[in-house]
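In: Below is the sequence, then the predicted model.
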Amino acid sequence: MSTMGAAFRASVPVMFGYVPLGMAFGILFQNLGYAWYYAPLMGLTVYAGAAQFMAVGLLAAQASLFEVAISTFILNSRHMFFGVSLLSRYRARGLKKLYLIFGLTDETYSLITSTHPPDGHDEQNYYLALTALNQGYWVIGCALGALFGASVQFDTSGMDFALTALFMVLMLEQWKKLREPYPFGVALLCGLMALWLFREQMLLVSIGLSIALLLLRTRIRQVAS
Amino acid sequence: MNDTGYLLLVFLVMTVATFITRLIPFVAFRDRGDHPLLMYLGRYMPPAIMTLLVLYSLKSLDLTQAPYGINELLALLLTSVLHLWRGNALLSIFAGTLFYMAAIQLGWFV
């Protein structure tokens, strides 16, 4: 199988999540009254699901650019944590590396850290293919929603559960690789706590707290030995 | 400023702001990817983040109202059991998603 073929196979679940979600965004965006092609253009340039949904509200309210910048930065600040665990994985250089970083969504991060290219294939090209395919699904979804949103006959509600199922499967794959309960248990506790107390910034809070607890463990181990 | 100009400026500002959040660790820890602590995080963060993403993707679920998350619970159980049994990611995800779509669209558990 080619590198692209393997990446496609791994990314099919993301397609089933991103196309309907992108369509939902496209439909919402169309209510603002801009030409349809601005929806996929936003998927191509901004490329951040939650932030694009937030932007519809900001655009409708004619929010200031400063407000747009700050709210986007805060909403996406959880992405800062992703890169920390990819430093040794991303070996590509130049534009390739910049594109890998640009396209680092939750779903792309999950596939890159939990799946592998077939033996003998270049890892960096596999990562690039995953990143580009995922962005492609998102852009196509945005375009379809903006173009045909209102007239879609097929009921896609529930299709984005594919992303929940994907995260579940990748979590099980991580478990098979690691077989240590600590990071899973820490995340479960931090996640439930954050859902309860900080629902709006759930990921930022829970990832930050989980990292702190992971680091605390190595520190305790160092002191103990 | 015309409307399209404003729209394009918003795109530009959001593109830069989003990219910066993704770029920061690569700039801050440039050439330090082999530091033991960062290697440690590279190993233990993915399992923690995958667990958190499962929870996050269910964020809008209201467990205090009928059907109390039963659709999500059953779909995730089906996905997990299939995956532990057959080890085929696509099969597990498709089965779980199809089950979920059918359950909510046909109102199996209301």
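Out: Arrived safely.
In: Show the low-confidence segments of the chain, by residue range.
Out: All of this is about chain A. A:153 (pLDDT under 70).
In: Switch to chain B, please.
Out: For chain B, the ranges with pLDDT under 70 are B:1-2.
In: cutoff 80 now
Out: B:1-2, B:33, B:110 (pLDDT under 80).
In: In it, which helix is the longest?
Out: Identified as the longest helix of chain B according to DSSP state H is helix B:3-28.
In: now check that helix, is it near chain A?
Out: Yes. Counting by Cβ under 8 Å from any Cβ of the partner chain, chain A is contacted by helix B:3-28 at B:3-4, B:6-7, B:9-26. Any C-beta I mention is one placed from the backbone N, CA and C, and that applies to glycine too.
In: Give me the nearest residue to the residue nearest to the spatial centre of chain A, chain neighbours excluded.
Out: The geometric centre of chain A, computed from its C-alpha atoms, lies nearest to A:Asp106 (Cα atoms, centre = their mean), at 2.1 Å. Once flanking residues are discounted, A:Asp106 sits nearest to B:Leu53: 5.8 Å by Cβ to Cβ, 6 or more residues apart in numbering or on different chains.
In: burial measure for that neighbour, as a count.
Out: Residues lying near B:Leu53 (other Cβ atoms under 10 Å in any protein chain shown) number 25.
In: residues making contact with stretch A:161-169?
Out: A:13-14, A:16-17, A:21, A:107, A:110, B:50, B:53-54, B:57-58, B:72, B:75-76, B:79-80, B:83, B:89, B:92-93, B:96-97, B:100-101 (Cβ atoms under 8 Å, 6 or more residues apart in numbering or on different chains).
In: Please flag which of these sit within helices.
Out: Using DSSP H, the contacts of stretch A:161-169 in helices are A:13-14, A:16-17, A:21, A:107, A:110, B:50, B:53-54, B:57, B:72, B:75-76, B:79-80, B:83, B:89, B:92-93, B:96-97, B:100-101.
In: what's the residue nearest the centre of chain B in contact with, if anything?
Out: Closest residue to the average C-alpha location of chain B: B:Leu53 at 4.2 Å, with Cα atoms, centre = their mean. B:Leu53 sits next to A:Asp106, A:Ser110, A:Phe167, A:Met171, A:Leu203 when contact means Cβ under 8 Å, 6+ apart.
In: what's the most distant pair in those residues?
Out: Using Cβ to Cβ, the contacts of B:Leu53 reach their maximum pairwise distance at A:Met171 and A:Leu203, which is 14.9 Å.
In: What distance do you get for the nearest residue to A:Asn31 once chain neighbours are set aside to B:Leu98?
Out: Excluding the flanking residues, the one nearest A:Asn31 by Cβ to Cβ, 6+ apart is A:Val56, at 7.6 Å. From A:Val56 over to B:Leu98 the distance is 30 Å, taken as Cβ to Cβ, to the nearest Å.
In: Show me the domain layout of chain A.
Out: A:3-179, A:180-225 (automatic domain parsing).
In: Test my guess that A:Ile101 contacts B:Leu23.
Out: Yes. With contact defined as Cβ atoms under 8 Å, A:Ile101 counts as touching B:Leu23 (5.5 Å).
In: These two: which is more packed in?
Out: A:Ile101 (22 against 18).
In: so which helix or strand takes in that one?
Out: helix A:94-102 (DSSP states H and E).
In: Tell me who's in contact with B:Phe19.
Out: Contacts of B:Phe19 (Cβ under 8 Å, 6+ apart): A:Ile101, A:Phe102.
In: can you check the one 5 residues further on too?
Out: For B:Ile24, the contacting residues are A:Met80, A:Gly83, by Cβ under 8 Å, 6+ apart.
In: Could you report the separation of the residue nearest to the centre of chain A from A:Trp36?
Out: 26 Å.
In: do B:Asp62 as well
Out: Counting by Cβ to Cβ, the gap from B:Asp62 to A:Trp36 is 34 Å.
In: before we move on, back to that, kindly supply the ChimeraX command isolating those of the contacts of B:Leu53 that are buried.
Out: Burial among these is assessed by 16 or more other Cβ atoms under 10 Å in any protein chain shown; the matching ChimeraX selection reads:
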select /A:106,110,167,171,203
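In: Give me the buried stretch members for stretch A:140-156, please.
Out: A:Ile140, A:Gly141, A:Cys142, A:Ala143, A:Leu144, A:Gly145, A:Ala146, A:Leu147, A:Gly149.
In: Which of the domains of chain A has the highest mean neighbour count?
Out: Highest mean neighbour count among the domains of chain A (mean count of other Cβ atoms under 10 Å in any protein chain shown): domain A:3-179, with a mean of 19.
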